[in-house]
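Student: The sequence and its predicted three-dimensional model are supplied below.
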Amino acid sequence: MKRLVYFIVSTLLLVSCGKKTQTIELNSPDDLAGHSVATIAGCAYEKDLSSRTDINCQLYNSSSDLLQALLSGQTEIAMYDEVVYNAIIRKENGIKIAMLGDQSYPTAFLFRKDDSELVRTFNAVQRRMIEDGTMQKLIDFWLTDKFAEAESYTHIPSEASGKPLRVATVLPTAPISFLVDGEWYGIEIDLLRELAKELHRPLEVKLYDNASGFMAVQSGQADVMCGVVFVTPERQEKFLFSEPYHSYHTAYFVLDHDVQAQSHGIIAWIKKGIHKTLIVENRWRLIVDGLLKTLKISILAILLGSILGVGLYSMMKSRRKWVRSCAAVYRSFIAGIPELVLLLIMFYVVFSNTGVSPDIVAIITFALFFASGVSNIYKASLDAIPCGQTEAGLALGFTKSQSFFNIVLPQAFRIGLPLYKGQCISLLKGTSIVGYIAIQDITRAGDIIRSRTFDAIVPLLFVTILYFLLVWLIGALIKLASPKKNVL
Amino acid sequence: MITVSHLSKIFHNPDGSNVQVLKDVNCEISPGEVISIIGPSGTGKSTLLRALNLLDPPTGGSILFNGENILEKNYPVHKMRQKMGMVFQNFNLFDHMTVLENVIFAPCKIHKENIEKAREEGLALLRKVGMAEKADVYPSNLSGGQKQRVAIARCLAMKPEVILFDEPTSALDPTMVGEVLSVIRQLAKEGMTMLIVTHEMKFARDVSTRIFYMQDGIIYEDGTPQQIFEAPVRSATKAFVQRIRKEVFQIEGKDFDYLDMESRIRQFCIKYNIADRCDMALQATNLMLKDIMAAYIPITVRITFSELSGETFMDFMVEGLETSPLQANNPSMEKLRVFCSEIIEEPTSRGFRIKLRIG
């Protein structure tokens, strides 16, 4: 308990930071010179910024990270879709549009190159919606103040079953596509719902990073990508686009120091943060689901990896040289590849188009890493037991397996368990990258909440505390499994 | 109880070479016998013990234990080992268990003995080896002698019919050897059948009913302690029990390197602390080679020293000679008697030997 208190205090100290004071004025793109400007990696207008040498260009992975960078002073100016941050400005006093971008981008949905059938169907659906006026209704609702004033959102639940239409969204933000109480809403989601209805298939939405969204479509892990995808010639070479449904402007956002939110004291601020993070829209459910997901992936990967580790260990101890070499090659391969890279390879290359769920891909990937780690631990702890111990057991009349399980293993356990625990904990923490393959673990749950509340501190704090508790839990479980002092 | 015939053991080294440690071991061990196995290092004493309970399975021959061939396929080796205990040089106590747990672990796990009963019996055994006081201590807190006594109690707990001791005192401080030997002595008194590989000659002589002298992978000589220690039949046995050190010189012709031989004899004398006899040995050698036996070269010369009796001899061996080369009327014979207290003339299987007792 004492440890927990220290931990929270030190984390709080870590997240408190300073602020700037001057509101930036922008009148033309030339005024950007000398400032730091940030946007999203891989977006259509990234080039406009990164080609300029007179500004300090920063690239972030998601819209919420970008906003947080602006709010915390990591960047002075954020360049982003006007419509998205407009929704935020209504909620969050403290940022303002300094200048609109000089052009608007036609926006559409992105499909795989060979999926022209689906594109044709979608275009037909969209054309019909434009003709009968539903499209205008959608735009009137989502892209105006009506959406902001709405208390709740509705959609007609789908009764279709079978292979779902898999949507990769890269923008978990109102009013495009956003998660409320376990359901996805937004203008692009509504459009895709119409398509799914036409196809008599259920809709399945998953959140990807901007760059991973393209990979997901290309590798067949998703059928369509949405989230304000601008149509650019470059993208058209590799993907198919539907007919654009709207054109969005970009805008430059800056901190508005004149109307910075008044501070009501730290207690009130924390209370508000917790309310926003957990209570509103039942967001605690996201956290609980994420927690269970992280636990599930970690525990199954630990179990599978421990078993694979036994196999790997026996390969390392094999009499045949080529078997030993195989084990050595495997271990050096695993040692030389970052977990995230292997995870992406497994998901987008090895298991692409196989329909294997991302959870299983993650479990297998982490088990592969874990096996390599624990095989070392097995080796270190079993080799530390002198062969005289086995011989003493044999000489007393134990069989070979009895002496291994009764005499060698309990002693090896004592040596290996602390190492094993460390390995488990590093695996648990390592699973925080599974968000890259659209698994909603705790980290990703925190991301989703951040992209709704545009408040980084409380969700991150929560996620940190939950990881801390999980680490403690794993430690406790292992302690429970450790051999008793009394051997008889 | 144990009948060993034509037992052999070949070790295969990782580099592909083979070493034959046991060549042809034959013996018969009856209940109640206490057999000490002695011999130089590397002659297969420990290997024989480890082959008997199949920790190092032999590569040839047969072992009958209570009439059963334990080398047969599918023979329940672990059952045999329950009756054939073993005490190791390095104790091999289970470090994660207390002393008492070490003793009662095997009976509880293998014979499924009641823990309370096993505890009582275990304490009784610990009392017997003087370790009851330390019943709840972990082995890491014991001295070597104490560890070995616990190991003996652990072995006794399985109620074996025979115990193999593999150099039980070799890893001990000299001060702790006594406590372990007295435990073994006590077991011998109680009639336990034991095979003991040891370098403690006095102990082997006192406690054993029989001695195996091993050399070159066979039981070179087998007999009662009196026979082996007092009147060994074979010269290698004698050299071993009397702890005879030697240095051999081949005198091929008249022009041999006498100075080199002289310096080697000096080194030998210094090494075994008999420098007082050095000059006498050199004078005698000089007389023998340059005068008395000059006509009989080539000669094999040997200087020996027994660490047990303290006697020093110089041997002069001429091959193919049937009568003594010494002539009583040779004036040098008088001089020779100044340097040696005894002159032995003996024919051997290959020739004739003159043996001089130096000093």
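Tutor: Sure thing, it's come through.

Student: ok, which residues in the stretch 351-488 of chain A are in contact with chain B?
Tutor: Residues of the stretch 351-488 of chain A found near chain B (CB under 8 Å from any CB of the partner chain) are A:386, A:388-389, A:391-392, A:394-399, A:402, A:406-407, A:410-411, A:414, A:487-488. Bear in mind the C-beta positions are built from the backbone N, C-alpha and C, glycine included.

Student: List the buried residues of the host helix or strand of A:Ala412.
Tutor: Per DSSP states H and E: A:Ala412 is located in helix A:409-430. Of the residues in helix A:409-430, A:409-412, A:414-417, A:419-421, A:423-425, A:427-428, A:430 count as buried by neighbour count, 16 or more other CB atoms under 10 Å in any protein chain shown.

Student: returning to that earlier point: now restrict the residues of the stretch 351-488 of chain A next to chain B to buried residues only.
Tutor: For those, buried by 16+ other CB under 10 Å: A:389, A:391-392, A:394-399, A:402, A:406-407, A:410-411, A:414, A:487.

Student: which pair in the residues you listed spans the largest distance?
Tutor: Pairwise distances across these (CB to CB) peak at 24.4 Å, for the pair A:Gly397 and A:Arg414.

Student: Let me see the contact set for the closest residue to chain B within the stretch 251-400 of chain A.
Tutor: Proximity of the stretch 251-400 of chain A to chain B (CB to the nearest CB) peaks at A:Gly397, 3.3 Å away. Counting by CB atoms under 8 Å, 6 or more residues apart in numbering or on different chains, A:Gly397 touches B:His78, B:Lys79, B:Arg81, B:Gln82, B:Ala106, B:Ile110, B:Met158.

Student: How many residues are close by the second one?
Tutor: To tie it back to what came earlier, the one meant is B:Lys79. Using other CB atoms under 10 Å in any protein chain shown, B:Lys79 is surrounded by 13 other residues.

Student: and B:Val248, that one's in a strand?
Tutor: Yes - according to DSSP: H, G, I helix; E, B strand; the rest coil, B:Val248 belongs to a strand.

Student: what's across from it in the sheet?
Tutor: Bridge pairing for B:Val248 (DSSP bridges) gives the partners B:Arg302.

Student: quick one, what contacts it?
Tutor: So B:Val248 contacts B:Thr300, B:Val301, B:Arg302 (CB under 8 Å, 6+ apart).

Student: okay, how far is it across stretch B:162-178, tip to tip?
Tutor: 22 Å (CA to CA, to the nearest Å).

Student: Would you mark the buried spots in that stretch?
Tutor: Neighbour counts over stretch B:162-178 (16+ other CB under 10 Å) mark B:Val162, B:Ile163, B:Leu164, B:Phe165, B:Asp166, B:Glu167, B:Pro168, B:Thr169, B:Leu172, B:Met176, B:Val177 as buried.

Student: Redo those residues as a markdown table? Include secondary structure.
Tutor: Below are these laid out as a markdown table (three-state DSSP):
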| residue | secondary structure |
| --- | --- |
| B:Val162 | strand |
| B:Ile163 | strand |
| B:Leu164 | strand |
| B:Phe165 | strand |
| B:Asp166 | strand |
| B:Glu167 | coil |
| B:Pro168 | coil |
| B:Thr169 | coil |
| B:Leu172 | coil |
| B:Met176 | helix |
| B:Val177 | helix |
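
Student: if we take these, which one ends up nearest to chain A?
Tutor: Nearest to chain A, judged by CB to the nearest CB, of these is B:Leu164 at 8.2 Å.

Student: Make sure that closest one is actually in contact with B:Lys83.
Tutor: No - counting by CB atoms under 8 Å, B:Leu164 does not reach B:Lys83; the two are 11.5 Å apart.

Student: Now residue 239: closest residue in space that isn't a chain neighbour?
Tutor: Reading this off chain A. The spatially closest residue to A:Phe239, leaving aside those adjacent along the chain, is A:Leu110, at 5.0 Å (CB to CB, 6 or more residues apart in numbering or on different chains).

Student: The chain in question should be chain B.
Tutor: Of all residues not flanking B:Ala239 in the chain, B:Lys246 sits nearest, at 7.6 Å (CB to CB, 6+ apart).

Student: List the contacts of that neighbour.
Tutor: B:Ala239, B:Arg302, B:Ile303, B:Thr304, B:Phe305.

Student: which SSE is the residue nearest to B:Lys271 when sequence neighbours are not counted in?
Tutor: Nearest residue to B:Lys271, sequence neighbours excluded (CB to CB, 6+ apart): B:Arg245, at 7.9 Å. B:Arg245 belongs to strand B:244-251 when assigned by DSSP H and E.
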